[in-house]
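S.K.: mind looking at a prediction? Sequence and model below.
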Amino acid sequence: MRQLVPCLLALSCMLSPGIGSAATRVQIEGLSGDLADNARAALALQSAVESGMDHPGTLRRLYRQGDEEIAKALQPYGYYTPRIESSLDGDFPDAVATFRVSPGGRTTVSTVGVKVEGEGQDDELLQALIKRFPLKPGDPLVHAPYETFKQQFAQAAYGRGYIDAELTRREIRINPVTQQAEILLTLKTGRRFRFGEVRIEQDILRDEVVRRYVPIVPGEWFDPQVLLDTQFALSDLDYYATVDVQPLRQQATDDRVPVLIHAEPRPRTRYDYGIGYGTDTGARLSAGIDRRWLNDRGHKLESDLQLSEIKNVIGTEYSLPLGIKAGEKLSFPAAYTEEQFETGNSTKYSVGASLSRIPGDWQRRLYLNFEHEEFDSGESLESTNLLMPGVALNRSELNDEIYPTRGWYFFVDTHGAHESVISDTSFVQASTLTRGVFPLGEHTRFLARVEYGATWVDDFGVLPSSQRFFAGGDQSVRGYGYQSIGPRNEDGDVVGGRYLATASAEVERLIWGNIGLAAFYDIGGADNNALPTLYSGVGLGFRYRSPIGIIRLDLAHPLDGDSSGIRIHFGIRVGL
């Protein structure tokens, strides 16, 4: 008991406010807004008090230098003649330090002298920048825009190819008597350079293959943005782990600057394995092998295996890089697919060829696929052969590829077959998907989706299951089972339709770190009418923002049809 009493006393002292802790307070009077904030941020005494400093000697020393710190903090706003009176009530560490400040008159700009010397003195861009200098005679002197302009001025000269450009004069002359300031700024450009020889250090691909993706053209004006574009272009190819692009200024000859590109390869083979669960697919396994380059021409081979309770896929794709952009390629895919529908199973074999190009901001894919499918149409077992040419276009504008808060995505695909060309039926199908995301405050975003598809076919009964439209599920109308919405046969089984229409609206908010909540409304349907009968569902969801995308757990309630109760949807969304 005797040992317990001192322990309780010590604990009470630690928990009691004001006992054994510094109680120094700092007051700044006479200032407001940005002036007050900057002065308080400049005070070392304020920082020491906030950090818990209670050493009297140190606090006295910091207090004595406070007047000078506040005076310097006012200068960036044009106040060079302040009057500051400091007083101390009590003694440290239990004291009130007060600084009474009169900022005095504000210094104004009297003269602005900004000029360019050297080869770039007549450069139109640099002269246009001078005309946009942010401070004019008569303006209050504020240092921030002046400092920003200095940085932009030097960067603009470098971006125009004046690699040796430097600010040889950068002065603000203050007259405290007249409270006026003279700004003098001189940029000496030196000579303007062009790109010289481009040397590439890498040992996995032919030199001519790599050079197709290098936008640097010897003889054109030096531009650092082109160097950055080169780094991105080679990194996007997926052959290289690191890409370093360096101008060799010391090796410049006349006005030509050589450029060295050094690229380190990624591992030649990548293996992917996965195990998980999705509401639409059930338990699932996946495995993949990606041979990043098969030869020195950059050919690739990708193979993957996906197993789940309702769908199994074995696929491979051989691709040859083309063009001057990453993603432009000629590909030869092949796949075997088994899928369960409400009417029965579907087995599909497919081979094809596709040409992917990126004209401007769009990604375009022209393809020709041959598919042999055996399926249960709900009335009988069917077997079809289809030779389908098609074209797909997509484009996106997102501020972040993994977790966008602003942007959009658009996709459209059209394909078909004709019974006169190795096909058992003639049809044309078109589908489109649009997604958008918009910010609603700092931690909230609004997501929207609209999807529509249409099929024109003479004999729908011969059309295989993979070419029919179904609605319902995680990526369609939540609250309903996977592909459970659509026309039904006499036995009540969903057999799919000619048309599809779905839409979704969702508000998502992060409430704590990477954890968030969502509320959503989905609507859609598949039908044999151009305006399908629509089913809707509402719900709430849990969100976790992981490095690979948003992990979603939704509780959805159907509002139409025979469905009822709460349905759980689980999945991962990357981007839009």
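M.R.: Good, I have the coordinates.
S.K.: could you list the low-confidence segments of the stretch 251-400 of the chain?
M.R.: 343, 377-380 (pLDDT under 70).
S.K.: so which residues of it form strands?
M.R.: In the stretch 251-400 of the chain, the strands defined using DSSP state E, counting those that start in this stretch lie at 256-265, 269-278, 282-291, 300-308, 311-321, 329-341, 344-357, 363-376, 381-398.
S.K.: indicate which one of these is closest to residue 546.
M.R.: Nearest of the strands of the stretch 251-400 of the chain to residue 546, taken as Cβ to Cβ: strand 269-278 at 12.7 Å. Glycine gets a C-beta too; all of them are placed from N, C-alpha and C.
S.K.: for the protein, just list every one of the helices.
M.R.: Under the criterion DSSP state H, the chain contains helices at 4-15, 33-42, 44-50, 56-64, 66-74, 124-131, 143-159, 207-211, 224-235.
S.K.: now tabulate these in a markdown table and tack on mean pLDDT.
M.R.: Converted to a markdown table, these look like this (pLDDT from 0 to 100):
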| stretch | mean pLDDT |
| --- | --- |
| helix 4-15 | 37 |
| helix 33-42 | 93 |
| helix 44-50 | 90 |
| helix 56-64 | 90 |
| helix 66-74 | 93 |
| helix 124-131 | 94 |
| helix 143-159 | 94 |
| helix 207-211 | 95 |
| helix 224-235 | 95 |
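S.K.: bridging residues for the closest residue to residue 367 other than its chain neighbours?
M.R.: Take residue 367 and drop its neighbours on the chain: the residue closest to it by Cβ to Cβ, 6 or more residues apart in numbering is residue 354, 3.8 Å away. Listed beta-bridge partners, residue 354: residue 331, residue 367 (assigned using DSSP bridges).
S.K.: residue 516 too?
M.R.: Beta-bridge partners of residue 516, counted by DSSP bridges, are residue 510, residue 543.
S.K.: again with the one 5 residues further on
M.R.: Using DSSP bridges, the bridge partners assigned to residue 521 are residue 505, residue 538.
S.K.: now do it, the pLDDT please.
M.R.: Residue 521 is assigned 97 on the pLDDT scale.
S.K.: what's around residue 528, how many residues?
M.R.: Using other Cβ atoms under 10 Å, residue 528 has 15 other residues around it.
S.K.: now do the contacts for it.
M.R.: By Cβ atoms under 8 Å, 6 or more residues apart in numbering, the contact list for residue 528 reads 460, 487, 497, 498, 499.
S.K.: residue 511 now?
M.R.: Residue 511 neighbours (Cβ under 8 Å, 6+ apart): 443, 517.
S.K.: could you pull out the strands for the stretch 101-250 of the chain?
M.R.: Using DSSP E, counting those that start in this stretch, the strands of the stretch 101-250 of the chain run over 108-117, 166-175, 180-188, 194-201, 240-247.
S.K.: no wait, the stretch 401-550 of the chain
M.R.: Here the stretch 401-550 of the chain has its strands, by DSSP E, counting those that start in this stretch, at 407-417, 427-439, 444-457, 499-512, 515-527, 535-546, 549-558.
S.K.: show the end-to-end separation of stretch 529-548, please.
M.R.: Using Cα to Cα, to the nearest Å, one end of stretch 529-548 lies 39 Å from the other.
S.K.: wait, I meant stretch 231-251
M.R.: For stretch 231-251, the separation between the terminal residues is 21 Å (Cα to Cα).
S.K.: oh, and call the first residue 52 from now on, that's how I've got it
M.R.: In the new numbering, first residue 52, that becomes stretch 282-302.
S.K.: tell me the buried residues in it?
M.R.: Residues 282, 284, 285, 288, 289, 290, 291, 294, 296, 298 are the ones in stretch 282-302 that count as buried (16 or more other Cβ atoms under 10 Å).
S.K.: please apply the same query to stretch 305-317.
M.R.: Residues of stretch 305-317 classed as buried by neighbour count (16+ other Cβ under 10 Å): 308, 309, 310, 312, 314, 317.
S.K.: do the same with stretch 319-336
M.R.: Result for stretch 319-336 [16+ other Cβ under 10 Å]: buried residues 329, 330, 331, 332, 335.
S.K.: residue 141 contacts residue 147, correct?
M.R.: Yes: using Cβ atoms under 8 Å, residue 141 is in contact with residue 147, at 6.2 Å.
S.K.: can you list the strands of the stretch 302-451 of the chain in JSON lines and add distance to residue 516?
M.R.: Putting these into JSON lines (distance: least, Cβ to Cβ, whole Å) gives the following:
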{"stretch": "strand 307-316", "distance to residue 516": "43"}
{"stretch": "strand 320-329", "distance to residue 516": "20"}
{"stretch": "strand 333-342", "distance to residue 516": "18"}
{"stretch": "strand 351-359", "distance to residue 516": "17"}
{"stretch": "strand 362-372", "distance to residue 516": "12"}
{"stretch": "strand 380-392", "distance to residue 516": "5"}
{"stretch": "strand 395-408", "distance to residue 516": "4"}
{"stretch": "strand 414-427", "distance to residue 516": "5"}
{"stretch": "strand 432-449", "distance to residue 516": "9"}
